[in-house]
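**Student:** would you be able to build a 3D model of this:
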Amino acid sequence: MRKWLKKARQEHGLTMKQMADELHISESYYCSIENGYRQRDMDISLAAKISETLKISMKQILKFEQANRTTKQVQ
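**Tutor:** All right, here's what the predicted structure looks like:
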């Protein structure tokens, strides 16, 4: 699960549907991304769209994603 993504989305007052619309993807696909089932290695174009939408630097997104991978490897 990408807790960082959920937290950032909620801090911006966006629903999953609104976030999906901003990213030009379906709500179910976005939900799968946030829950970690899709885009396990997030592609750069998606990361860039998230960065723009949530006003998070690409550098910070990469840190979040690295921490997420490290946590999954430990489990």
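**Student:** buried residues in the longest helix anywhere in the chain?
**Tutor:** Identified as the longest helix of the chain according to DSSP state H is helix 58-74. Applying a neighbour-count criterion of 16 or more other CB atoms under 10 Å, one finds 61, 64-65, 68 buried in helix 58-74. All C-beta atoms are positioned from the backbone trio N, CA, C, and that covers glycine.
**Student:** now residue 46. Nearest residue, chain neighbours left out?
**Tutor:** residue 39 (6.1 Å; CB to CB, 6 or more residues apart in numbering).
**Student:** now the one you found: how far from residue 50?
**Tutor:** Counting by CB to CB, to the nearest Å, the separation of residue 39 from residue 50 is 10 Å.
**Student:** between those two, who's got more neighbours?
**Tutor:** residue 50 (23 against 17; other CB atoms under 10 Å).
**Student:** need the contact list for the more buried one.
**Tutor:** Going by CB atoms under 8 Å, 6 or more residues apart in numbering, residue 50 touches 5, 23, 56, 61.
**Student:** now do the phi/psi pair for residue 25.
**Tutor:** Per-residue torsions, residue 25: phi -130, psi 170 (degrees, to the nearest 10).
**Student:** and it, how far from residue 70?
**Tutor:** 26 Å.
**Student:** can you give me the distance of the closest residue in space to residue 65 that isn't next to it in sequence to residue 53?
**Tutor:** Closest residue to residue 65 apart from its sequence neighbours, by CB to CB, 6+ apart: residue 42 at 5.7 Å. According to CB to CB, residue 42 and residue 53 sit 14 Å apart.
**Student:** what helices and strands are in contact with the least confident helix or strand in the chain by mean pLDDT?
**Tutor:** Lowest on mean pLDDT, DSSP states H and E among the helices and strands of the chain sits helix 58-74, with a mean of 81. Using 3 or more CB pairs under 8 Å, 6 or more residues apart in numbering; DSSP states H and E, the elements in contact with helix 58-74 are helix 3-11, helix 44-54.
**Student:** residue 9 and residue 31 touch, don't they?
**Tutor:** No. Taking contacts as CB atoms under 8 Å, residue 9 lies outside contact range of residue 31: 11.0 Å.
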